[in-house]
Every structure is written in structure tokens, then in C-alpha cells.
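here is my input, please return the structure:
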Amino acid sequence: MVEGTEYQLQCDIQNIAPLQNLVVKWYKGNEPLDNVTYSIVSKTPVDVSDTLMISPSRHDDGAQYRCRAQLDLGPEGPQPHPTVTSEPLNITVHYTPEFLPGNDTVEVSAGSDVSLDCSAEGNPPPELRWTNNTAEGNANETTVGRLRTLNISRVTANATYNCTVTNRLGSITKQIHVLVKVPPQQHPTMFSTTPSTPGTMTTLPATAKPKLVTFPLELNPPRVVVRYGDSVSVNCSTSFTDHEGMGWEATFGGTGFEQEVNVVTWTVDNLIDWTIEPTCYITLIDGEQPSEVLPVILYKTPDSISISVLRHSGPMVEGTEYQLQCDIQNIAPLQNLDCEV
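Numbering: from 1, shown residues only. Down below sits the predicted model:
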């Protein structure tokens, strides 16, 4: 089952009488869900069916559903009431990945080792992919259950790592920033807050005036929505003239490192990578390498869509309930699907 989707459970009860004394009880584990009684009078044995609509969440993964048929024959009847319980129905719920709590920013001393946590859960269990535009230190991944860790040795510069977890229902990404701490003695003295003469104002020296810092990269367009198999093109530009070079990193359409340019273009003629995360990066003269990830939504319209009646064939009978089913084949992304009736 898929989280958030409605399903109908059916309890079939055979050869029971009298029907007007029947109580059908539904349970999830030991939790009562519903009681159903019948007003139709029938003294001879009949077969009946009752249904229960459920919309399972990820917390219902592994849950057991049961139905119970109980004859309430009043105080004169058997005590306790005659009861027959079904075998449990075990359900498996598939759901999109979700990150477990963790730090998005990690501080480390220059030359030290650091471990980045990108733990997530999902069903089916998600696959993880790390991306980073800098070859900073030596990195290796470790996985223990739901815990996913990237261990990096000898960190010397600030860096941003992108962690993407994916299963067949969806994909999510988060950024983890590694900040290298500068020793206190290396921080420049900006200005003194002590006035030289009582009652006078202290003026900041020209060299200590605040400097406006802007992010060096701009994507145009800033995000894209692409039909499966179509082409796509995005420009990454910078207003910084003092840099060593820039480029795109991607599984398809990467440009490599280009020097003496202020614009690089990511282009793919036939986009079919569901998990692609193109990243534009720039190498500044101080060794910093800011980057910007392009959000990409790749979509596919269904191969076919059909409607059918469940567990019924032939003409319908007035006043009888029927369940219609709409089958949609090969569509993505599922989280953007809207079914209208």
C-alpha cells in the first residue's frame, strides 16, 4: 500500500443466523475501529460482507487488521456472546523518504576530520547519494541501519555537501555546510568601541566599514519543470570578475571547469535522469567554492488510464453500492498527481 491512498478492506462472513443479531467489529491491532449492525431480519443462515475504508500512514506499516463476527442474542443467549475472528491481515505501507533530525551546519578546526549525518527513513528503504563540488579531504560513507554518515578527513576549507535520498515514491535533498573555524588571533581588529574623549562619538575607520557580501551565482531560470525525454537548458552567471573559473557538475550535461567566463550553460538534449541535481559552482581567488543546486522536476504523463468496476460484471442494480477503480500506469512524480472524479 502507498501512504495517503485509500483502500477498501472486506470482511466476508458465511452461513450465519440470525442476521439481525450480528455485530461486525473491526480492529487495527487491539484498537477498535468500527461496529456494524444489521436491521434486516433473517432467521435462516446467510452470507454477508462488510467493508472498511482505510488511508494508511507510514506509522501503519506492519499493522494488523482483523474483523470479528459476534452474535448478540441478549441476556437469554450464551454469555459471552458467540464470536468468530478472522485471520489478521498484515499490511506493508510504502512512503516517501524523510530525513531524521540532524545538524545542517558543522563547525570544524582546519585540518581536522568531520562526520556528516544524513540519516533518513522511507519504504522501500531509500538510496543515498552525496555530491560536492570540491575535492576536499578524503571521504568515505558508512551505513548502519537508517544512519548514513559521510566521514571526511583533513578538512581545510568551507564546503557545502548535498545529500539526496531516493526511493520509487520520491526524492528529497538537503545541504550540510562545513565551516572551518579560524583561530581567534587571525581575526582582524575592526575598530575600538572606546571613545578617546568622554562625550565624543567614535567613528569607524574607513577600512572597518561593513562590506556588503552578495552570493556570486545566479541561475536563469532558477528552477525547471521538464517532460521526460525533452531538452532543457539553464544559464549560470556571475557578476564577480575576480575568480578562477566556474562550471556545472551533473550526471548529464556537466561542463567541466571553464576559465575566463562569466556564464556557463547546462544543456541536456534528452533528460531521462529522475534524480539529477545539476550544480553550478565557482572557484574564487581565495579558494572558496560557492555552489547553487538547480531544482529540477522531471515529469511523465501516464502510458494509459482506465476505469473498471471491482468484483462485479454485468448490469448494475439500482440502490446497490459499487466500487469503481481508476488504474494509472507509469506516471511521475506521484506526489504531484491529482485524481479528479
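
burial count for residue 93?
Using other CB atoms under 10 Å as the criterion, residue 93 is surrounded by 18 other residues. Just so you know, the C-beta spots here come from the backbone N, C-alpha and C atoms, and that holds for glycine as well.

hang on, it packs against residue 61?
Yes. Under the criterion of CB atoms under 8 Å, residue 93 lies in contact with residue 61, with a separation of 4.1 Å.

now do the shared contacts for the two.
Taking CB atoms under 8 Å, 6 or more residues apart in numbering as the contact rule, the neighbours common to residue 93 and residue 61 are residue 123.

wasn't residue 261 part of a helix?
No. Assignment of residue 261 by DSSP: H, G, I helix; E, B strand; the rest coil gives coil, placing it outside any helix.

now it: phi and psi?
Reported as degrees, to the nearest 10, the phi and psi values for residue 261 are phi -130, psi 150.

partners of the helix or strand hosting residue 27 in the sheet?
In this assignment (DSSP states H and E), residue 27 forms part of strand 22-28. When pairing is defined by DSSP bridges, strand 22-28 lines up against strand 31-37 (antiparallel), strand 64-71 (antiparallel).

need the winner for burial among those.
Among these, strand 64-71 has the highest mean neighbour count (mean count of other CB atoms under 10 Å), at a mean of 18.

list the contacts of that one.
For strand 64-71, the surrounding residues in contact (CB under 8 Å, 6+ apart) are 9, 11, 13, 16, 18, 21-29, 50, 52, 54, 77, 81-91.

try it again with 6 Å
The list of residues contacting strand 64-71 from outside it, by CB atoms under 6 Å, 6 or more residues apart in numbering, reads 9, 11, 13, 21, 23-29, 81-86, 88-90.

of the residues you listed, grab the buried ones for PyMOL.
Selecting only the buried members of these in PyMOL, with burial defined as 16 or more other CB atoms under 10 Å, works like this:
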select buried, resi 9+11+13+21+24+25+26+27+28
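
ok, which stretches of the stretch 201-341 of the chain are strands?
Under the criterion DSSP state E, counting those that start in this stretch, the stretch 201-341 of the chain contains strands at 218-220, 224-227, 232-237, 243-249, 263-268, 279-284, 291-293, 296-299, 304-309, 324-329.

nearest to residue 118, out of these?
Go through the strands of the stretch 201-341 of the chain one by one with CB to CB and the one that ends up closest to residue 118 is strand 291-293, at 14.8 Å.

distance between the closest one and the chain's centre?
Per CA atoms, centre = their mean, to the nearest Å, the displacement of strand 291-293 from the mean C-alpha position of its chain is 20 Å.

also stretch 156-172?
Its chain's C-alpha centre and that of stretch 156-172 lie 11 Å apart, by CA atoms, centre = their mean.

got it, and stretch 298-312?
For stretch 298-312, the distance from its own C-alpha centre to the chain's C-alpha centre is 24 Å (CA atoms, centre = their mean).

what of stretch 98-113?
Here stretch 98-113 shows a centroid-to-chain-centroid distance of 21 Å under the convention CA atoms, centre = their mean.
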